[in-house]
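Novice: Build me a model from this:
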Amino acid sequence: MEKKFHLEKEALLASGIKRENRLAVYGKKLAYLNEQFIHQRLPPPHPAGKARDLFHWLWKEKPTRYGPHGYFRLSHAIDAQLNKENPMVGNCLGLTLLYNCLLRRMGIHADALYLDNAFGIGPHVLTLLQGKESTIDIENILPDGFGFKGHLNDPSRIRWGDRELVADVYHSLGNECFGKGELTEALNNYDMALRLNPRYEKARLNKTILLDKMKMNGRLR
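Specialist: Down below sits the predicted model:
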């Protein structure tokens, strides 16, 4: 039987948090955020109401929390959300990971939504919540993004589960390493992304470009 995929732990592992004691520290930080939210907002019992209140609470705590080149690692997003001196929390991936993990801690399951070219700026992820009658798009990069309607007719919409969302962390790490010239490490991260999401064409394309570069540099035969 396949082992259950745990979003929070796998996202932290992908973010570079490997030791059990460090994983426990970040678990406590997420628990603290949850406790603060519940204490301050006293959210309604139904899942959509809780999700809405959590979304607005996170933005109230950090009104400038989105940055297009912000953190994509879950660990960095957690630290930034807690840091009163850091105005930015993360990019679309970092914010979506943080929000989805906090929802999960309240017993609310949310997926993600992948778009090829949202807002004309390129690949993009956001939260997708199942409501009573339909799904709810939750655009984590906008303070009024709960129930966002702007992506409903986007033909590139792909629903992602936890594996695909964590795969995007590895893909982002691959891109980061590629940009630094750390080609072997970039290849390892692209492979991890494709292992979790074999249909991730962007990661496959970037891996192909990387392999061509490695061949040109004599790194592959």
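
Novice: Please make it C-alpha for all contacts and neighbour counts, starting now.
Specialist: Noted.

Novice: Name the residues that touch stretch 130-148?
Specialist: Under the criterion CA atoms under 8 Å, 6 or more residues apart in numbering, residues 48, 52, 55-56, 59, 63, 65-67, 91-92, 95-96, 110, 126-129, 149, 151 lie in contact with stretch 130-148.

Novice: Break this structure into its domains for me.
Specialist: As given by automatic domain parsing, the domain ranges for the chain are 7-160, 165-216.

Novice: average model confidence for the longest one?
Specialist: In this model, domain 7-160 has a mean pLDDT of 96.

Novice: what about it, start to end distance?
Specialist: End-to-end span of domain 7-160 (CA to CA, to the nearest Å): 12 Å.

Novice: So which residues of the chain form helices?
Specialist: Ranges of helices in the chain, per DSSP state H, are 7-14, 20-41, 47-61, 74-82, 92-105, 162-180, 183-196, 201-216.

Novice: Now find how far off-centre the last one is within its chain.
Specialist: In this case it means helix 201-216. Relative to its chain's centre, helix 201-216 lies at 23 Å (CA atoms, centre = their mean, to the nearest Å).

Novice: for the record, mean pLDDT for it?
Specialist: Mean pLDDT, helix 201-216: 95.

Novice: residues in contact with it?
Specialist: Identification of contacts with helix 201-216 by CA under 8 Å, 6+ apart yields 171, 175, 178, 183, 187, 190-191, 193-194, 220-221.

Novice: For that helix, buried residues please.
Specialist: The neighbour-count check on helix 201-216 (16 or more other CA atoms under 10 Å) flags 203-204, 206-207, 210-211, 214 as buried.

Novice: Repeat that for the longest one.
Specialist: Judged by neighbour count (16+ other CA under 10 Å), helix 20-41 contains these buried residues: 23, 26-27, 29-30, 33-34, 37-38.

Novice: hmm, which two among the residues you listed are most spread apart?
Specialist: 23 and 38 (22.8 Å; CA to CA).

Novice: Pretty sure residue 30 sits against residue 80.
Specialist: No: look at residue 30 against residue 80 with CA atoms under 8 Å: they stay out of range, at 11.9 Å.

Novice: hmm, back to that, can I get the helices of the chain in TSV including distance to residue 118?
Specialist: Shown next, in TSV, are the helices of the chain (distance: least, CA to CA, whole Å):
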stretch	distance to residue 118
helix 7-14	23
helix 20-41	29
helix 47-61	20
helix 74-82	21
helix 92-105	11
helix 162-180	16
helix 183-196	21
helix 201-216	15
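
Novice: To residue 114, which of these lies closest?
Specialist: In terms of CA to CA, the element of the helices of the chain nearest to residue 114 is helix 162-180, at 8.9 Å.

Novice: Which other helices and strands does that closest one contact?
Specialist: helix 7-14, helix 92-105, strand 110-115, helix 183-196, helix 201-216 (3 or more CA pairs under 8 Å, 6 or more residues apart in numbering; DSSP states H and E).

Novice: Can you name the residues that contact residue 57?
Specialist: Taking CA under 8 Å, 6+ apart, we find residue 57 in contact with 37, 41.

Novice: Surely residue 115 and residue 125 touch.
Specialist: Yes: between residue 115 and residue 125 there is a contact under CA under 8 Å: 6.4 Å.
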